[in-house]
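Novice: predicted model follows, preceded by the sequence.
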Amino acid sequence: MRLRFLTLLRCPGCRARLALARSELQEGDDLIEGELACTACSRPYPVRKGIPCFVQGEDYAASFGWQWTRFAHLQRDSYNGTHLVRDSILRRSGWTPEFRATTPRSWPTCAARW
């Protein structure tokens, strides 16, 4: 996750700001492995493979898998013939198409389905 986006994130429990608690692996502005923590309630949120995890437990993964399968074509540019998802990811992340081509590790896996 890009550390500059940390100012946009809030604790799901109390809505307070989050701060970087621990950095195990960082590449420039990208936190690859580490932990965020709430500045008010101190609840920890792990960051794994560049993704902050705000949901606890295995139930989330099972539910997400079902949703991903059930609604696989809903917002898929290659299926609906648009560039809405790609353009949204590029606009919100500040990435460029060239960045995607040169740093596939930092690019979300789901974006490869365009």
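Specialist: Cool, the structure landed.
Novice: spatially central, which residue of the protein would that be?
Specialist: Ile51 (4.4 Å; Cα atoms, centre = their mean).
Novice: just checking: what are the partner strands of the helix or strand Arg22 falls within?
Specialist: Per DSSP states H and E: Arg22 is located in strand 18-27. Paired strands of strand 18-27, with direction, are strand 30-38 (antiparallel) (DSSP bridges).
Novice: which other helices and strands contact the helix or strand following the partner strand?
Specialist: Using DSSP H and E, the helix or strand that follows strand 30-38 in sequence is strand 44-48. On a contact count with 3 or more Cβ pairs under 8 Å, 6 or more residues apart in numbering; DSSP states H and E, strand 44-48 meets strand 30-38. Heads up, the C-betas are built off the backbone N, CA and C, glycines and all.
Novice: quick one: distance of the strand it packs on to the chain centre.
Specialist: Computed by Cα atoms, centre = their mean, to the nearest Å, the chain-centroid distance of strand 30-38 equals 11 Å.
Novice: then stretch 36-50?
Specialist: For stretch 36-50, the separation from the chain centroid amounts to 14 Å (computed by Cα atoms, centre = their mean).
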